[in-house]
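Q: Sequence first, predicted model second:
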Amino acid sequence: RQGRALIPCTIFDNFRKQTSYTKCLLASTFWGGASFKTTEIWFFNYAMTRYGFTRLTCGLWILSTFVSGGLFVAIATRRAPAKRTCMLLMWICPLFAVWVTVGPSTPWTMWIGVAMLLPNHLIGSSMSALYFGQQEAIRRG
């Protein structure tokens, strides 16, 4: 069965069986991820040019983003209703891009951005909860 995933277009067989709501969740996850990935690609050169970051500082920034994001998700997931969280927080990533583009040209702008990105990590866990909540028990694993 897993070999079928290598054949072009067979992956859409499972997608076709999903509800419209689940398809919308998957599309939102894809576009949200694509948005953040383009920010990551753009980040290193931009941070080095505008904020004077070094490769080490960029790495520390990424590390602090993921560690603080993981802790935030562990604490906030049980307290935040998944559906409302997804709807309210979808604009966090674009707000971060606007902040680093028009904010002050000091390195603190990027470090303040870490706090702005914390809710962005919560979106992924909320969308996963909504998606897997609609699947059959056998697909959830």
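A: Happy to help now that I have it.

Q: low pLDDT regions in the chain?
A: For the chain, the stretches flagged by pLDDT under 70 are 1-15, 32, 35-37, 39-40, 90, 93, 139-141.

Q: where along it do the helices fall?
A: Using DSSP state H, the helices of the chain run over 12-16, 20-51, 55-76, 82-89, 92-102, 107-133, 137-140.

Q: tilt between the fifth one and helix 20-51?
A: Orientation note: helix 92-102 sits at an angle of 20 degrees relative to helix 20-51 (axes from the mean of the first three to the mean of the last three C-alpha atoms, to 10 degrees).

Q: Which strands and helices lie in contact with helix 92-102?
A: helix 20-51, helix 107-133 (3 or more C-beta pairs under 8 Å, 6 or more residues apart in numbering; DSSP states H and E). C-beta coordinates here come from the backbone N, C-alpha and C atoms, glycine included.

Q: sorry, back to before: could the helices of the chain go into JSON lines alongside mean neighbour count?
A: Below are these laid out as JSON lines (neighbours: other C-beta atoms under 10 Å):
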{"stretch": "helix 12-16", "mean neighbour count": "10"}
{"stretch": "helix 20-51", "mean neighbour count": "14"}
{"stretch": "helix 55-76", "mean neighbour count": "14"}
{"stretch": "helix 82-89", "mean neighbour count": "16"}
{"stretch": "helix 92-102", "mean neighbour count": "16"}
{"stretch": "helix 107-133", "mean neighbour count": "17"}
{"stretch": "helix 137-140", "mean neighbour count": "8"}
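
Q: of all the helices and strands packed on helix 92-102, which lies closest to residue 79?
A: Relative to residue 79, the nearest member of those by C-beta to C-beta is helix 107-133, separated by 9.9 Å.
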